[in-house]
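**Student:** Need the 3D shape of this:
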Amino acid sequence: MDVAQLGATATTADRSAATEERVTEHYERRGRELWGLARRLGATDEQAADVVQEVHLRLWHEFQRGAVIDDIDAWAFRVAYRLVMDQHRIGRRVQGIFDRLVAGRAQPVVHLVEDAISLWPLVDRLPARERVTLYLRYRADLSFEQIGQVMGITTASARTYGSRGIERLRTMVHDGEGVAR
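**Tutor:** Numbering: from 1, shown residues only. Down below sits the predicted model:
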């Protein structure tokens, strides 16, 4: 290793240590408030703790790649807010899928939203186009128009694959396939 490489390594190590110090300082100074925001927005204790960790992991990544963040507090609270809102959106989507699957049934198979997450293994057993359509719609939050563009099909075809997939899932749930009893 020559002198230039040693200098670059020392600079990288110094930068890494400085990044770690800045993130740790922010965590100690604002972690409790970020956790409180997440709780106020409806996250559980565990989810709020995960949000705080994810915020600081993202902050560390931003610093490592050399990003300049003018207002670290505003950035961190915006990221925390968005993470919690993403959790809510996913929960609503799962509940929506679940509601559609059990629509018209006298006795729902599953009672909790957490149990409805187990539908994804059933989705994995669908034909490829239906599986991809449901994934893009309910996991990636794409519109049917966007799904059509991704898959190289028309918007109407994307809607058809989505409807067929939902119908197959209803049948699977009704028949008790893959449902823990």
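**Student:** CA atoms for contacts and neighbours, from now on please.
**Tutor:** OK.
**Student:** Below-threshold pLDDT in this protein: ranges please.
**Tutor:** Under the criterion of pLDDT under 70, the regions of the chain flagged as low confidence span 1-10, 104-118, 177-181.
**Student:** Just give me the longest helix of it.
**Tutor:** With DSSP state H applied, the helix covering the greatest number of residues in the chain is identified as helix 3-40.
**Student:** between the helix or strand that that helix is followed by and helix 3-40, how many degrees?
**Tutor:** Heading C-terminal from helix 3-40, the first helix or strand you meet, by DSSP states H and E, is helix 45-64. With axes from the mean of the first three to the mean of the last three Cα atoms, to 10 degrees applied, the angle from helix 45-64 to helix 3-40 works out at 150 degrees.
**Student:** Show me the domain layout of the protein.
**Tutor:** The record, using automatic domain parsing to delimit domains, assigns the chain the ranges 3-84, 102-175.
**Student:** picking that back up, give me the distance from the longest helix of the chain to the chain's centre.
**Tutor:** For helix 3-40, the separation from the chain centroid amounts to 24 Å (computed by Cα atoms, centre = their mean, to the nearest Å).
**Student:** Over to stretch 159-176?
**Tutor:** Relative to the centre of its chain, stretch 159-176 is centred 24 Å away, using Cα atoms, centre = their mean.
**Student:** How much space separates the residue lying closest to Leu59 once chain neighbours are set aside from Glu46?
**Tutor:** Nearest non-adjacent residue to Leu59, counting by Cα to Cα, 6 or more residues apart in numbering: Val23, 6.9 Å away. The spacing between Val23 and Glu46, counted by Cα to Cα, to the nearest Å, is 21 Å.
**Student:** quick one, which of those two is more surrounded?
**Tutor:** A count of neighbours by other Cα atoms under 10 Å puts Val23 above the other of Val23 and Glu46, at 21 against 10.
**Student:** Appreciated, that's everything.
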